[in-house]
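[1] Here is my input, please return the structure:
(one chain, ligands or ions: 1)
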Amino acid sequence: MQAPTLAELRMIRTFATTMYAEKAKRRYAAWVQGDPLARAGLAPWHENPYPMYEQVRARGALSKTRVPGVRVSMDHDLCAAVLKSRDFGSVGREAPGRESGEIDLSLLDMNPPDHTRVRRVAAPAFTPRRMAAYETSIEKTVHQLLDDAERQGSFDLQRALSAPLPITVISELLGVPDADSDTFLRYGTALGSALDGIQSMRHARRAYEAKYALERMFGRLIEERRTDPRDDMITLLSQQEGQAIKASEMLPLCQLLLVAGFETTVNLIGNAVHQLLRHPDQWELLVADPEGRAPGVVEETLRFEAPVQFTSRVAMNDTEIHGHEVPKDRWVLIGLGGTGRDPKTFARPHEFDITRTDNADHLAFSSGIHYCVGAPLARLEAQVALRLLAERMPRLHLTGDVPIRRSVTIRGVQRLPVAAA
Ligand code: HEM
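    Residues are numbered from 1 along each chain as shown. As a prediction, the model looks like this:
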């Protein structure tokens, strides 16, 4: 493992100290000032942040936060308008408050015209034709994982199914050989968890080590595919290197495709099964018609328990949104998870109902130019997993407490203890 340089170590330290200070401030705001937004990601409120979101909503469609210059919204229509507006952009790596060495989030950090150019390179990997081709291989992977789980009888569904499925699928899709998939898993997890905020010096160091290891691995694979092309995404991307995409943009894009599929699809599957087993009538509906009902479960989970709860945008110039003035450089924190519970958009918002038809407009995959490019793949993986789970384990039930992850941005379970019969 290549050790970080002195400059990098300094950066890691600044990063971690800032995080400690930020954490202390958040705790003070949560416990002493009763700030609902600060409470949402902290214990005990993290178990159910939705009442906190309702308090934020009650303050207005766009309200101030304790951080100067940052506003927040849980209003579905206002958030959709911000995400689609050309007056708002991605916060970007050059934004004040972000460290220059912070992990490059590729497309997510980019604005037009660069964003448009790089997005055109990535999008062909997710066409309906390609999705149809992946389906059989996803089914095969789910069957293998469920074979192992069945042998155990009682198991943690996150470890047995939700976590390994997206990793296997994205490795195959990118074209990472088996020999490298261990590195991939270890470092992808470290990098994925860093996106949720660096928690300590050790964590920062792990994330940076992961960044270097993945860069080396992708660097080597890109090099190999140039001379030995295959039918995979790295080949597809490397063929456009130097034309549509700059060499320096390749690695961040590969890393984004990896981590974007890591921390999200895992939680979509976990949150779906968790809610279904908490609402046995809904599980029975799925069991009665797995193929017909699986898509409805996926959409309702995205509305009800969005795996990504927040994103943000910055005003590119003085602007106005739904009658609220937003000066240039002010941030808007977009409560994707809260918008799914907006009573103006969704009837009975706090009810998990897989038969509802008014949930197509959820913002779990964002909206506008950054709309999740991997959405068709995430939907497909989750639908296949839920369908086969209901077909093969119709008597699936919870066998213990389900701890929720302590996180502001990611909504998911730490473990999902279940038994097949
Ligand atoms: C349930 C699973 C997923 C959820 C909830 C999710 C959510 C999101 C959200 C909210 C954004 C936009 C953030 C913003 O507007 O600031 C996004 C963007 C993105 N997602 Fe996903 N995602 C999921 C799965 C995936 C998968 C499987 C992949 C790829 C393998 C992927 C790749 C991307 C990429 C590349 C972007 C950046 C698009 C752009 O900036 O133009 N996502 N995702």
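[2] can you pull the buried residues of stretch 230-237?
    Buried residues in stretch 230-237, counted by 16 or more other C-beta atoms under 10 Å: 232-237. All C-beta spots, glycine's among them, are computed from the backbone N, C-alpha and C.
[3] List the contacts of it.
    Stretch 230-237 has contacts (C-beta atoms under 8 Å, 6 or more residues apart in numbering) with 121-122, 124-125, 172-176, 218, 221-222, 225, 229, 245, 250, 253-254, 257.
[4] ok, now with 7 Å
    Residues from elsewhere that reach stretch 230-237 (C-beta atoms under 7 Å, 6 or more residues apart in numbering): 121, 124-125, 173-175, 221-222, 225, 229, 245, 250, 253-254.
[5] Please point out which parts of stretch 140-148 sit buried.
    When neighbours are counted by 16+ other C-beta under 10 Å, the buried residues of stretch 140-148 are found to be 141-142, 145-146.
[6] do the same with stretch 36-46
    36-42, 45-46.
[7] now the helix or strand containing Leu37: mean pLDDT?
    Taking DSSP states H and E as the definition, one finds Leu37 inside helix 36-40. Averaging pLDDT along helix 36-40 yields 89.
[8] ok, back up a step: so which of the contacts of stretch 230-237 are in helices?
    Residues of those located in helices (DSSP state H): 121, 173-174, 221-222, 225, 250, 253-254.
[9] roughly how far out does the helix holding Leu37 sit from the chain middle?
    20 Å (C-alpha atoms, centre = their mean, to the nearest Å).
[10] helices or strands up against it?
    helix 6-31, helix 50-58 (3 or more C-beta pairs under 7 Å, 6 or more residues apart in numbering; DSSP states H and E).
[11] Need the contact partners of it.
    By C-beta under 7 Å, 6+ apart, the residues outside helix 36-40 that reach it are 26, 29-30, 45-46, 49, 52-53, 55-56, 65-66, 72, 408.
[12] what residues does the stretch 251-400 of the chain put near the ligand?
    Contact residues (C-beta under 6 Å from any ligand atom) of the stretch 251-400 of the chain with the ligand: 256-257, 260-261, 264-265, 268, 307-308, 311, 364-366, 370, 372-374, 377-378.
[13] Show me which of the residues you listed are buried.
    Buried among those (16+ other C-beta under 10 Å): 256-257, 260-261, 264-265, 268, 307-308, 311, 364-366, 370, 372-374, 377-378.
[14] Can you tell me which residue sits nearest the middle of this structure?
    Against the mean C-alpha coordinate of the chain, by C-alpha atoms, centre = their mean, the closest residue is Thr264 at 3.5 Å.
[15] Might you report the residue contacts of His370?
    Applying C-beta under 7 Å, 6+ apart, we find His370 in contact with 90, 108.
[16] What pLDDT does the model give the residue of the chain most remote from its centre?
    In the chain, the residue that sits farthest from the middle, by C-alpha atoms, centre = their mean, is Thr227; the gap is 33.4 Å. At Thr227, the pLDDT value in this model is 90.
[17] Which residue, other than its chain neighbours, is closest to Ala347?
    Leaving aside its sequence neighbours, Ala347 sits nearest to Asp358 (C-beta to C-beta, 6 or more residues apart in numbering; 6.2 Å).
[18] Quick check on the one you found: phi, psi?
    Main-chain dihedrals, Asp358, degrees, to the nearest 10: phi -100, psi 20.
[19] likewise Gly41?
    phi -100, psi 0.
[20] rewinding a little: so the residue nearest to Ala347 sits right up against Lys344, yeah?
    No. Using C-beta atoms under 7 Å, Asp358 is not in contact with Lys344; the gap is 11.6 Å.
[21] who's more crowded, those two?
    Applying other C-beta atoms under 10 Å to Asp358 and Lys344 shows that Asp358 carries more neighbours, namely 13 against 10.
[22] Let me see the contact set for the closest residue to the ligand within the chain.
    As assessed by C-beta to the nearest ligand atom, the ligand sits closest to Gly374 within the chain, at 2.1 Å. By C-beta under 7 Å, 6+ apart, Gly374 lies in contact with 126, 260-261.
[23] Would you confirm that Thr311 belongs to a helix?
    No. In this structure, Thr311 is strand, not part of a helix, as judged by DSSP: H, G, I helix; E, B strand; the rest coil.
[24] check contacts around Val56.
    Counting by C-beta under 7 Å, 6+ apart, Val56 touches 36-37, 63, 72, 74, 335, 338.
[25] whoops, Asp318 was the one
    Counting by C-beta under 7 Å, 6+ apart, Asp318 makes contact with 327-328.
[26] Same check on Pro376?
    Applying C-beta under 7 Å, 6+ apart, we find Pro376 in contact with 126, 128, 131.
[27] Export those residues as a markdown table, with columns for pLDDT and distance to the ligand.
    As requested, those are arranged in a markdown table below (pLDDT from 0 to 100; distance: C-beta to the nearest ligand atom, whole Å):
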| residue | pLDDT | distance to the ligand |
| --- | --- | --- |
| Phe126 | 91 | 7 |
| Pro128 | 88 | 15 |
| Met131 | 89 | 11 |
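[28] Understood, closing this out.
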